[in-house]
Every structure is written in C-alpha cells, then in structure tokens.
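In: model this:
(chains A and B)
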Amino acid sequence: MRLGDSWTVAMKDISTFRRKSYILYSLVALPVVLSIVLPGSLLFSGANGSLPASTLAQVLQSELSILIMLAAILPSVIGSYSFIGEKVEKSLEPLLATPASDEELLLGKCLAAFLPSVAATYVGAVLFMAISDAATYGRLGHLLFPDLDAAVILLLAVPFASILSVEFSVIVSSRVNDIRAAQQLGSLIVLPMVLIFLLGETGTLSIDPLHLLLISGVLLVGDVALAFVSRETFQREEILTRWK
Amino acid sequence: MTTRDRAADPVNWPAGGGEERAVGARRGAALAEEPQRKRPTDRGARTPAAPDGLVLPRMSPMIETDCLTKRFGNNTAVSDLTLRVDEGEVFGFLGPNGAGKTTTVRMLCCLISKTSGDAKLGGYDLGRAGDRTKIRGMVGILPESPGLYDDLSAYRNLDFYGRMYHCPDGPRRESVERLLRMLGLWERRDDLAGTFSKGMKQKVAIARAVVHDPRVVFLDEPTANLDPESSKTVRDFILELKKEGRTIFLNTHNLDEAQRVCDRIGILKTSLVAVGSPAELRASLWGRKTVVHLASVTDGVLAAVRGAGPRSVEVVDGSRLVLDVDDPDRDNPAIVRAIVGAGGDVRFVTELRPTLEDIYLRVLKRGAAGGGAPA
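Out: Below you'll find the predicted structure:
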C-alpha cells in the first residue's frame, strides 16, 4: 500500500475544502460555539458562584464529553462533500483511473475528512479547557483541565468517534447523490454520542476514565466493523456503476 | 473473400492511412452483412504488403480484445468484442448512445471488470489483478465529462494527477508547463478551473489525460459541445499526440472528426458491426462509384458502357452516368474507351465518394434491419 498516494488525495481534498465556505464555517463555528458557549453559559450564568466547587468541576468534566459529539459531527459534514462532491463534479472517474488502489483512495478520502475534523475538535478542546480553567482556578485553587478524562477523550474517544463518522459517510455516500442529503443521513451517527452526552449531563452515566475507556472501546469495535463495510462499498466498479 | 473469411483470417488488413492507399481495397473492412454470418472481428491494421509480395512485420498490438463481453444483470452492454489496435494507431469508436463505447473504455482502463472474454493492453492482461495497476499506469483517460476540480487551479489539477501517476517532480513540472503552453493556457495556470469556459476545461482535461506521458490515451467524446475553434484546438492536439507515437482510442459521435484523425474506425452497437479505415469502410460498404460527365447520354453510349463491365449503371439528368465499378483503376479506362468508341463526348470523370456519415448510417440501418450483429 502506497501511503503517499493516500496523502496526495488527502492534501488535494483539504485544499479544495479551504475554498468551500460552508465547510470552513462548520470547522470553525461548531467547535468555537460549543467550546465557548457550553462552559461559558454555565460559568457566567451564576452557577459559578452558587454551585459547590466539586459539583462545578464534575459538571464541566461531564460537559467535556461534548467533544466526542463534535468529533462525530464534523466528519459527516466534510466526508459527505469528499465523496458526493466528487460525484457531483464528475471528477471520480479520472481519479479512479489512476494506479492508486481502492484502499489507497479510500484512506486518502478518509484522512481528508478525519484530519481537519480532529484538528478542529482539538482546537475546541483547548478553548473549552482554557475557559473552564480560567473561570474556576480561583475557586478550585488548581487547574481542572487537562485531566485523565480529557486525555482519554482526546486521545481515544475523539479519534475513534471521528473515524466512525467518516466510515459512515462513505456508506451513506454510496446511496445518495446529494451533499445535503448525505450530510443529514451522515449526521445520524452523532445520535449515540448525543446519548452519551445527555446521560453524562443528567448524571445517569458517570463520565470517568473507566467509562470513557469503555466508550472508546465500543467506538473502536464500531470502527473496525464499519471499516469492512465501507471497504466493501468503496470499489471502483461499485462507485462507477452502482453509486446512486 | 467473405466477411466470415476475413474474420477468421489471422492476417490483417491494409493499414489505411489515407484514402489513396485504399484504392480497390474492398476487403479492407469487416461487416456483419447477414445475420447468420460470424460477427466481425478485427485483427488490427496490417502493415502494407511489400511490392514483391512479402508481408512486412506487423506493428506490435497495444490493445487486443477477444470476445470481450460486459453484462449488467440481464443487460448486455458489450458483446463479444474482438479488436486489435496497434501501437501508434488512432482508432475511432463510433456508435449510437448506449452502444457500449464508454463501457468498453471503462473495461480497457480497468475501471470496471469484464464479464467474459479476454483483453490485453501493452501485453498486460486485464484479467490479472497484478496487471491492472500496470495498465492503469500506462493509460490516460478523458471521460465524457471533464471532471476537473473546480476549486483548484489548472496547474494544481494537472500537478495532482501527475503525482497520482508517480511522475517525479522535475518531469512532472515540465510536463504540466509544456501541456498548458501547448493548449494556450499557461497564462491562466493559476486561475481556478471553475472559472474556465467549457472549452478551456476540456483542454485541461485532455492535458490531464496525458500529463503522465501514457502510451495509450482513451478519449471519450473529446470535442462534444465545443465551439469550432476549441474543437480544432483539441483535434490538433490529438494529432500532436499521434505524432508522438501514442496509441489513441477515440470514442466519438463526430464522424467528420473521426474521418480526419482516425487511422481506423470501428462501429459498435453492443457488438462490433464494422471495422476498417475510413477508405476501407467506404469501399466495403458503399462500393466504388465512378461518375462520367457527358455532353449527353445516348442509347449507344449506354449500351457501350453496359458492355464495358460495370456492375450497375445509372443515368442522372441525361448527362451523367453513375457507375458501380469493382476496380476503378482497371475499369475506368475501359469504360471511357467504350464511351468514346460509341461517339460519346466525355467532359470529365470523377469518383463519387460517400461521407463517413453515409456509411455510418447505412451500417446502423442494416443493423436495425437485422443485418447487424445483435446483442
């Protein structure tokens, strides 16, 4: 497998994304809004003073799981463009005619959706943690983030959720011919992450390193399973003759 | 020699390469004239016979297919296609929409698999997984739609494909610059492809097809919907590629274009209906017709002409004779002598030449009437 070909495809796609305003807005706006608004609304709505310090820390730590959701949302936006965009612009055929293997092309496309999404999620994480630390340092007397929860989320759950979303985008792209429809269908992969976030927010699920490792493990299993499905979907003949 | 004989004959037909060479070459094209006949197969262009009768060595085949077939479910897109295209040859593929031209190109470019039959490109076997990557590396393709990345510049579009075909940095940059200059787009190299006109996009797409210096170039409707000036630029570019010795496989509906640039032409309607050089097709499917312009056609002249051996004689406007002859070089002098001998005043003698369009329509009409090879 020639990773150079995958990298070339990924860099080409990322270059084209830079000129797609809705992709840029998604990459910038979603992380910024979620990472600033969520802790900001908690910290500056009066809860900062009224809640006990330990409870405040617990709430913020559970809110950090929003990053898993974010990591799943962004690839569905980019991935849909990466595959459907080529179909719409009819640029897939010459690309498929190159000597690159199906796996190399698929990996390149997945990297193009994965790398900016994860990078944007990490930027959002830095903002989230910086705002939280700045607002709570006085009361807690120590930095709340980064902690072990954040490490597991950022190093395991976020990339695994992102990969799952990318793979789901490949499968969705093989069945629809419209970028918006692909994005809407692709966003369904976010639902499990929303559930994790809501369970954490309501206290039903304790967001601790052990549970986060379990969540990451489940995501990894999902990644492996969808990898096989998306690989089967992404074959030259399938793409040219059966992708609708 | 019948079509069946020709199909089975391992020796190839005259290479064509101009209508003058094809004088008297009725055997040049294979045609499914009768349903019961074997479908035409093409064993490629034969190197012209040397004057002493020795057959010179054949050019090496670049594309060879043997009963190549593609089915999508119950629908047969291409049936039993047997074809040979030699290295450096420009081969035109004609046929109505849905005839299987694009499917054939996609099979030959290893984009889709064959259902049955065999095919080789440059000696590599389409059926072997290991060979398919090599085949993709040695061919360039212009699909029906330019399919450029609108958000990348013309230069970046070509550079990207150069990288995908593993061209080293230096030669890749040189190739991109040379092609953009050849097509008059160097000054616009940094403009986004999305800002280009249809003709400019098509030029960039053609450049993309050859940026990696492929041995075989597949062009699917390269001048479709282009204005005459852009069409000419593209045609000239194809001729440049031909001069460089590349093998070109050209799918087209443009019969004039096919006649101008192709060494040989195949007419496809799911299966191969006819194949040969334009001159060979003309001779095979239309016959050789001589027109004799006279002061007037008298009964005496008519009788003399009929006695001189033409297969048919038609009088037009009382002053012209349209004669169906087997071999103009041999028959025309005898006919002219007969007319003069009968007191006729010959003003001039010409050859009635059908256009490729005439031939194409006749072939398809025969096919529709049951004479062609059914799917």
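
In: For the longest helix along chain B, name the packing helices and strands.
Out: What stands out as the longest helix in chain B, according to DSSP state H, is helix B:228-243. Identification of packing neighbours for helix B:228-243 by 3 or more CB pairs under 8 Å, 6 or more residues apart in numbering or on different chains; DSSP states H and E yields helix B:198-210, strand B:247-251, helix B:255-261. Yep, even glycine has a C-beta here, placed from its N, CA and C like the rest.

In: What secondary structure category should be reported for the residue nearest to A:Val9 when sequence neighbours are not counted?
Out: Counting by CB to CB, 6 or more residues apart in numbering or on different chains, A:Val9 lies nearest to A:Gly108, which is 2.7 Å off, once chain neighbours are set aside. The three-state label given to A:Gly108 by DSSP: H, G, I helix; E, B strand; the rest coil is helix.

In: burial measure for A:Gly108, as a count.
Out: 24 (other CB atoms under 10 Å in any protein chain shown).

In: One more: B:Thr355?
Out: Burial measure for B:Thr355: 14 neighbouring residues, criterion other CB under 10 Å.

In: Now it. Its backbone dihedrals?
Out: phi -80, psi 170 (degrees, to the nearest 10).

In: pull the helix or strand with minimum mean pLDDT from the chain.
Out: Just going to use chain A. Here the helix or strand of chain A ranked lowest by mean pLDDT, DSSP states H and E is helix A:47-50, holding a mean of 64.

In: sorry, should have said chain B
Out: Within chain B, no helix or strand scores below strand B:13-14, which has a mean of 28 by mean pLDDT, DSSP H and E.

In: residues contacting A:Leu220?
Out: Residues near A:Leu220 by CB atoms under 8 Å, 6 or more residues apart in numbering or on different chains: A:Leu156, A:Phe160.

In: Now for B:Leu81, which secondary structure element holds it?
Out: Using DSSP states H and E, B:Leu81 falls within strand B:75-86.

In: how many other residues sit next to residue 109?
Out: Here I'm looking at chain A. Residues contacting A:Lys109 under the criterion other CB under 10 Å number 26.

In: my bad, chain B
Out: Residues lying near B:Cys109 (other CB under 10 Å) number 25.

In: quick one: contacts for it?
Out: For B:Cys109, the contact set (CB under 8 Å, 6+ apart) comprises A:Ala97, B:Ile135, B:Arg136, B:Val139, B:Ile141, B:Phe218.

In: quick one: contacts for A:Val152?
Out: Here A:Val152 is in contact with A:Pro209, A:Leu212, A:Leu213, A:Ser216 (CB under 8 Å, 6+ apart).

In: how is chain B carved up into domains?
Out: By the assignment in automatic domain parsing, chain B contains the domains B:3-283, B:287-356.

In: Just say which of the ones you listed is most tucked in.
Out: Most buried of the domains of chain B by mean neighbour count (mean count of other CB atoms under 10 Å in any protein chain shown) is domain B:3-283; its value is a mean of 19.

In: Quick one: name the residues of the stretch 151-300 of chain B near chain A.
Out: Residues of the stretch 151-300 of chain B lying near chain A by CB under 8 Å from any CB of the partner chain: B:151-152, B:156, B:160-161, B:163-166, B:192, B:205, B:208-209.

In: Which of those residues fall within helices?
Out: In helices, defined here by DSSP H, the members of those are B:Arg156, B:Phe160, B:Tyr161, B:Arg163, B:Met164, B:Ala205, B:Arg208, B:Ala209.

In: Distance from the chain centre to the strand holding B:Leu81, please.
Out: Put simply, strand B:75-86 sits 14 Å off its chain's centre (CA atoms, centre = their mean, to the nearest Å).

In: quick one: average pLDDT of the helix or strand just after that strand?
Out: Using DSSP H and E, the helix or strand that follows strand B:75-86 in sequence is strand B:90-94. For strand B:90-94, the mean pLDDT works out to 93.

In: can you pull the alpha-carbon coordinates of strand B:90-94 into CSV?
Out: Extracted as CSV, the C-alpha positions of strand B:90-94 are listed here (Å, rounded to 0.1, in the frame of the first residue of the first chain):
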residue,chain,number,x,y,z
VAL,B,90,-5.6,6.3,-33.8
PHE,B,91,-8.6,4.1,-33.5
GLY,B,92,-12.1,5.7,-33.7
PHE,B,93,-15.0,4.1,-32.0
LEU,B,94,-18.4,5.1,-33.4
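
In: Which residue would be the closest one in the stretch 201-350 of chain B to chain A?
Out: Residue nearest to chain A within the stretch 201-350 of chain B: B:Arg208 (6.4 Å; CB to the nearest CB).

In: So which residues of chain A form helices?
Out: Using DSSP H, helices in chain A cover A:3-17, A:21-43, A:47-50, A:53-63, A:66-80, A:86-88, A:92-96, A:102-140, A:148-152, A:158-173, A:179-186, A:191-201, A:209-233, A:236-241.

In: The ones you listed: lowest mean pLDDT?
Out: helix A:47-50 (a mean of 64).

In: For stretch A:82-91, measure first residue to last.
Out: Start-to-end span of stretch A:82-91 (CA to CA, to the nearest Å) is 11 Å.

In: oh sorry, the question was meant for stretch B:93-102
Out: Calculated as CA to CA, the first-to-last residue distance of stretch B:93-102 is 10 Å.
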